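1. Build the 3D model from these lines:
(one chain, ligands or ions: 1)
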Amino acid sequence: MKKLTPSIRRALLAWFDREARDLPWRHTRDPYRIWLSEILLQQTRIDQGLPYYERFVEAFPTVEALAAAPEDRVLKLWEGLGYYSRARNLHKAARQVAQSASEETGPEFPQTAEGWQALPGVGRYTAGAIASIAFGERVPVLDGNVKRVLARLFDITACVDTTTTLHRLWTLAGDLVPPGRPGDFNQAMMELGALVCTPRAPHCAQCPLRKTCAALAADTQLERPVRRPKKAPKRQELVVAAILKNGRYLLGKRPPAGLLAGLWEFPSGPVEKGETHEQALTRIAETTLEIQIEASGLIATVQHAYTHLRVTMNVYACRHTAGKPQANAHAKLKWVARKDLSRYPLPKANHKFLPLLTV
Ligand code: SF4
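-> Below you'll find the predicted structure:
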C-alpha cells in the first residue's frame, strides 16, 4: 500500500483537476458554505441537493442569518429533502457558532475536525470534509462513495458494515490523504465514487486508478464492497384525517424529537387489527385530539417510503362535529385555510395528497 500511495494520489488529483464538476461550493473557502453543502448533500444526489443549497445560501447568506431564523422557516426550506434532524441540528449548531461572534472577529468557526465534531449533527465524515476543504487539515473522509472506492481499490473481502472493517477503511483513507491538497484529494475520492466507480457499473476503462486497482485485477469489482444483507422494511397502514371546520383544516405540529420532528401534519394514526378506516379515524380523533369527527369520503391512498418503513396512507375528508381539539400528541394545533397550507413545513408524504384537497 505504501508503495502505491504516491501514484494513487498523483493519478487521482490529476483526474480531479480535469474532471471535477463545477459546483458552487468548490469556488469558496467559506467554512459556512462548505458546511452547508456537506449537510445538505448527505445521502442526496447532487442534482437533487443543489437547488436546496442555492435556496439556503440566498435565504441565509451567513451563519448569523441562519441562527436568527425561526425553526419553521428552516424546516420549510428543507421540505422534501428528508432526514429533518439534519436541518434541526444544523440550525442548533449555527446558533452555537453565531453565539461565539464578537464585533471584531465575527463568528468563530472551529478550524479542526475535532472542533467541528463537537457541534450538533457533525459526525466524523462531515468534520473531516469541512476541516480538509476549508482549513487544509490532513484528515480523511469516509462516505458511501469512498467506502466503495477503497473496498475495490484494495479488494477488501470483509463486510464493510462491521466496526473492524470500518476502522480499517478509516485508516486506509487517512494514509492516502496527502499533506498538500487534502481537501481536493477527499473531494476527488468522493467524485470518483460518484462518477466513475459507481455501484452497479463502474467505468473501469476510464478510471485513473485502474493500474493500481486490486478488484479490477481480480475481476471482483461487482462483488465489492461486501455489505450486510438489508432487512426488509416494515409496512404500516395509516389513516389520515383532513378535518375541516369553517373552511380551515386542522394541522398539528409534531413534537420536537423523533421522526419528522417539528414538522406540521394532518392528524393520522395506524389502523389497528380488525378496525375499519372509519373506526380508526374515530378512535384517533377521540383519543389523541379529544374531538368527534365524521369521515365523509376517501380523498386518496398514498404510498410513501421511509428508510425502514413503507406506509400506506388512506386520506379521508372529515367534518369536525364536536369538541375543542387538544394537542396531546402534538406540540401545538392550528386551524389553517387551504391557501395557507403551503406556508407550513409538511412531510413529503402530505404533499402527495395536498393538491387533492378541494376546499
Ligand atoms: S478500476 Fe474500476 S473498480 Fe477499480 S477503482 Fe476504478 S472504477 Fe473502481
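2. Make sure I have this right: Y316 is in a helix.
-> No - read with DSSP: H, G, I helix; E, B strand; the rest coil, Y316 is strand and lies in no helix.
3. how close does the residue nearest to it when sequence neighbours are not counted get to L354?
-> Computed as Cβ to Cβ, 6 or more residues apart in numbering, the closest residue to Y316 that is not its neighbour in sequence is A295, at 4.6 Å. Just so you know, the C-beta spots here come from the backbone N, C-alpha and C atoms, and that holds for glycine as well. Distance, A295 to L354, using Cβ to Cβ, to the nearest Å: 19 Å.
4. The two: which has the busier surroundings?
-> Between A295 and L354, A295 has the larger neighbour count (other Cβ atoms under 10 Å), namely 22 against 15.
5. quick one: that one and W78, what's the gap?
-> In terms of Cβ to Cβ, A295 sits 32 Å off from W78.
6. hmm, back to that, quickly list what the residue nearest to Y316 is bridged to.
-> For A295, the beta-bridge partners under DSSP bridges are C318.
7. what's the answer for E237, then?
-> Legend: beta-bridge partners of E237 under DSSP bridges are T312.
8. pLDDT wise, what is it at?
-> Note for E237: predicted pLDDT of 97.
9. number of nearby residues for it?
-> E237, neighbours per other Cβ under 10 Å, totals 15.
10. any idea how far it is from the ligand?
-> Applying Cβ to the nearest ligand atom, to the nearest Å, the value for E237 to the ligand is 42 Å.
11. and if you look at L41?
-> Separation of L41 from the ligand (Cβ to the nearest ligand atom): 21 Å.
12. Same question for A241.
-> For A241 relative to the ligand (Cβ to the nearest ligand atom), the value is 50 Å.
13. so that residue, which of the three states?
-> Reduced to three states by three-state DSSP, A241 is strand.
14. That one contacts R319, correct?
-> No - in this structure A241 lies outside contact range of R319 using Cβ atoms under 8 Å: 10.2 Å.
15. Look at the two and report which has more neighbours.
-> Shown here are A241 and R319; by other Cβ under 10 Å, A241 has more neighbours (26 against 12).
16. Name whatever forms a beta bridge with that one.
-> Y316.
17. Now do the same contact list for it.
-> The contact partners of A241, by Cβ atoms under 8 Å, 6 or more residues apart in numbering, come to L250, F266, P267, S268, L281, I284, A285, I293, A295, Y316, C318.
18. 6 Å instead, please
-> By Cβ atoms under 6 Å, 6 or more residues apart in numbering, the residues touching A241 are P267, L281, Y316, C318.
19. Relative to R224, how far out is the last one?
-> According to Cβ to Cβ, C318 and R224 sit 52 Å apart.
20. Please identify which of these two sits among more neighbours.
-> It is C318, of C318 and R224, that has more neighbours when counted by other Cβ under 10 Å, with 28 against 24.
21. Wait, that one touches L298, no?
-> No - between C318 and L298 there is no contact under Cβ atoms under 6 Å: 10.9 Å.
22. my guess is the residue nearest to Y316 meets L281, correct?
-> Yes - counting by Cβ under 6 Å, A295 touches L281, with 5.1 Å between them.
23. What is the three-state secondary structure of Q43?
-> When classified by three-state DSSP, Q43 comes out as coil.
24. which non-adjacent residue is nearest it?
-> Nearest residue to Q43 in three dimensions, chain neighbours excluded: Y83, at 6.5 Å (Cβ to Cβ, 6+ apart).
25. ok, now A217?
-> Nearest-residue entry for A217: D155, 7.8 Å, with adjacent residues in sequence omitted and distances by Cβ to Cβ, 6+ apart.
26. With L251 instead?
-> Nearest residue to L251, sequence neighbours excluded (Cβ to Cβ, 6+ apart): W264, at 4.7 Å.
27. in the sheet, who's paired with the one you found?
-> Here W264 sits in beta bridges with K253, as judged by DSSP bridges.
28. how far away is A127 from P110?
-> Taking Cβ to Cβ as the measure, A127 falls 8 Å from P110.
29. anything in contact with each of the two?
-> By Cβ under 6 Å, 6+ apart, A127 and P110 have these common neighbours: W116.
30. which residues does the residue of the stretch 51-200 of the chain found nearest the ligand contact?
-> Closest contact between the stretch 51-200 of the chain and the ligand, by Cβ to the nearest ligand atom, is at C197 (3.2 Å). Neighbouring residues of C197 by Cβ under 6 Å, 6+ apart: V149.
31. In which helix or strand does it reside?
-> Under DSSP states H and E, no helix or strand contains C197.
32. quick one, phi/psi of it?
-> phi -90, psi 60 (degrees, to the nearest 10).
33. Can you check the pLDDT for L81?
-> Value for L81, per-residue pLDDT: 91.
34. Pretty sure it sits in a helix.
-> No - assessed with three-state DSSP, L81 is coil; it does not lie in a helix.
35. How about the backbone phi and psi for P270?
-> Here is the backbone geometry of P270 (degrees, to the nearest 10): phi -70, psi 150.
36. I'm done for today, thanks for sticking with me.
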